[in-house]
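> Turn this into a structure:
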Amino acid sequence: MAEKLLPPVNRAMRTLDRAFFKKTFAISAARIFNNKHIAQCRKDLERSHDALGMDRLMNVTQDPSLELAKEGRRCILLRPDIKANDSSTWGKTVTELVESQRVGVIPYDLELDYDYWSYRDIMSSILPLDEQKDLPTGFTVVGHVAHLNLREPFLPYKHLIGQVILDKGGNIRTVINKIDTVGEESEYRTFSYEVLAGPDDLNVEVKEQDCFFHFNYANVYWNSRLHTEHGRLVSTFKEGDVVCDVMAGVGPFAVPAGKRRVFVWANDLNPESYASLEANITRNKVDKFVRPYNRDGRMFIREAVAELYHSDHSVQLQTKVSRSKKERPQMKTYRQPKVFNHFVMNLPATAITFLPSFIGAYSLAQIPPSEPMPKIHVYCFDAKEDDNAAAFQHICDEISRQLEFKFKPGDEEKEGEVQIWDVRDVAPGKRMFCATFRLPFEVAHRPIPEL
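Prediction:
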């Protein structure tokens, strides 16, 4: 069937030649004698799998005869192994349609070119046969930028790959390839890159959770593959909660939370991330709920705990009512709590090492013992295994070591237990996790010896 209609192959191509991919296939078609029968004939032929079934290609087209085409006549393209001059290849349905004089089987020249073939089609006809199982198809799209992380065998083809992605990628205008490991050149998790196709313009706009984020992808950290995780965690926050987002980036947790009327103290050490965060807060009109900060994360944990307890902030919003009701809108007041309900720490390579900042943080801030303890959501990496049991235990052991308090896998609502969410694969044998636990009272209120 459709698998026989493949683009021409040129594994020596290094510069894209679009004209090379124009190819004519000699197939057959069912000529419809009366256009009133088109719908039923098509239905019959598709049910019997005799009609040509190819993505992005209509199998009903104008008759190849110019005279009949002028009359509006149509034909239905048939699968390649049906031959017009060999009735033994027709099958039951085609034969019955011919005998009923509703169709005639005729030769048809199907012309396909570069515009028709998909990115995968083109790459499969260019790249070496021994690399076909690992075609570079899993690139990340951030706004108008396609971001690749090409393996060594594909580097000789990198500009060709970039150009095909640019041609086939819809709204993609720039294609880049990462040339180092995230965090290798900068503590801000930015990376060096090379432009494979299009302009060197990484000023992007991304929509996520009904929020718009503007930033320069070259200067800040953003991972579009975390959109599900962003939504999952934000959905656990309650209206009126207050959240401390210690490594907030450009705001993928903070801004959507603000839209849910959650107070957020959002911090990032990277000045570029802070500037984008500040702009995104304003752009999405959540400035009444979200405050941006540009501080060191370890210090920010302690400082924010103290500053929040001694601050007063409230927001008044008009409630929405149904148009069908004649009730007047009411004003609702949201008062920012005195202690955080949640801490978010999305710096998986090192976030666990920030946990000692919680030791004695409440005693230093002189927060009364009656105040509730927050939930900590700390992201981390660990080994990928079938059941992740070893990884879960290893994560708990590391949290125990950092906080000097014994933890084990379990229920996040129980002190000393950690619930671990399996987020995503990040590399072969490596996964990203989110460990959630209630900060133990003994840790938060532990006396700190005077220096």
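
> For stretch 263-273, list the C-alpha coordinates in CSV.
Provided in CSV are the C-alpha atoms of stretch 263-273 (Å, rounded to 0.1, in the frame of the first residue of the first chain):
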residue,chain,number,x,y,z
PHE,A,263,0.2,34.4,46.4
VAL,A,264,3.7,33.6,45.2
TRP,A,265,7.1,34.9,46.2
ALA,A,266,9.1,34.1,43.0
ASN,A,267,12.9,34.2,43.0
ASP,A,268,15.6,33.6,40.5
LEU,A,269,19.3,34.3,40.7
ASN,A,270,19.7,34.9,37.0
PRO,A,271,19.2,38.6,36.3
GLU,A,272,17.8,37.8,32.8
SER,A,273,15.3,35.3,34.2
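
> buried residues in it?
263-270, 272-273 (16 or more other C-beta atoms under 10 Å). For glycine as for every other residue, the C-beta is placed from the backbone atoms N, C-alpha and C.

> What of stretch 367-386?
By 16+ other C-beta under 10 Å, the buried positions in stretch 367-386 come out as 367, 371, 373-382, 384.

> Among these, find me the one that's closest to K168.
Nearest to K168 out of the buried residues of stretch 367-386 is K384 (C-beta to C-beta; 31.5 Å).

> so where do the helices sit in the protein?
38-47, 66-70, 91-99, 119-126, 158-168, 227-234, 254-259, 271-283, 297-309, 361-364, 389-403, 441-444 (DSSP state H).

> sorry, back to before: out of the buried residues of stretch 367-386, the closest to M54 would be?
M54 lies nearest to K384 out of the buried residues of stretch 367-386, by C-beta to C-beta, at 37.6 Å.

> The closest one and A391 touch, don't they?
Yes - if you go by C-beta atoms under 8 Å, K384 and A391 touch, sitting 7.5 Å apart.

> thinking again about what came up before, and the buried residues of stretch 367-386 as CSV, adding distance to E413?
Shown next, in CSV, are these (distance: C-beta to C-beta, whole Å):
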residue, distance to E413
I367, 21
E371, 17
M373, 11
P374, 13
K375, 9
I376, 13
H377, 14
V378, 17
Y379, 20
C380, 20
F381, 25
D382, 23
K384, 27
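
> out of these, who's nearest Q209?
For the buried residues of stretch 367-386, the residue nearest Q209 by C-beta to C-beta is H377; the value is 16.7 Å.

> Now for the closest one: which residues touch it?
Contact partners of H377, counting by C-beta atoms under 8 Å, 6 or more residues apart in numbering, are 233, 342-345, 434-436.

> Could you report the separation of it from V105?
Going from H377 to V105 by C-beta to C-beta, to the nearest Å gives 65 Å.

> Over to I281?
Going from I281 to V105 by C-beta to C-beta gives 66 Å.

> Then K43?
K43 sits 18 Å away from V105, going by C-beta to C-beta.

> Which one of those two is surrounded by more residues?
More neighbours surround V105 than the other of K43 and V105, with 23 against 11 (other C-beta atoms under 10 Å).

> Wait, that one touches S28, no?
Yes - V105 lies in contact with S28 (C-beta under 8 Å); the separation is 5.6 Å.

> anything in contact with each of these two?
In contact with both V105 and S28: 78, 82, 84, using C-beta under 8 Å, 6+ apart.

> The second one against S28, yeah?
Just to be clear, that refers to I82. Yes - using C-beta under 8 Å, I82 is in contact with S28, at 5.0 Å.

> Comparing the two, which residue is more hemmed in?
Set I82 next to S28 and count neighbours by other C-beta under 10 Å: S28 wins out with 27 against 22.

> so what's that one bridging to?
Here S28 sits in beta bridges with P107, going by DSSP bridges.

> Widest-spaced pair of the buried residues of stretch 263-273?
Farthest pair in those (C-beta to C-beta) is F263 and E272. Separation: 24.6 Å.

> Between K384 and A391, which contacts overlap?
R431.

> so where's this structure uncertain?
Scanning the chain with the threshold set as pLDDT under 70 gives 1-3, 181-186, 322-326, 449-451.

> do you know how far the residue of the chain positioned farthest from its centre is from G297?
Farthest-out residue of the chain from its mean C-alpha position, per C-alpha atoms, centre = their mean: E99, at 53.3 Å. Per C-beta to C-beta, E99 is found 78 Å from G297.

> Ok, L127 next?
Noted for L127: a distance of 43 Å to G297, by C-beta to C-beta.

> Give me the common contacts of I82 and S28.
In contact with both I82 and S28: V105, using C-beta under 8 Å, 6+ apart.

> Verify the stated contact: E194 with D180.
No - counting by C-beta under 8 Å, E194 sits too far from D180 to count as a contact (10.6 Å).

> isn't V141 right up against G170?
No - using C-beta under 8 Å, V141 makes no contact with G170, being 9.1 Å away.

> Could you check how far stretch 69-79 is from the centre of its chain?
Centroid separation for stretch 69-79 versus its chain: 42 Å, with C-alpha atoms, centre = their mean, to the nearest Å.

> Would you mark the buried spots in it?
Neighbour-count burial for stretch 69-79, counted by 16+ other C-beta under 10 Å, picks out 73-79.

> Next: stretch 13-26.
Residues of stretch 13-26 classed as buried by neighbour count (16+ other C-beta under 10 Å): 13, 16, 20-21, 23.

> Repeat that for stretch 169-176.
Buried positions in stretch 169-176, judged by neighbour count with 16+ other C-beta under 10 Å: 169, 172-176.

> Before I go, just wanted to say thanks for your time.
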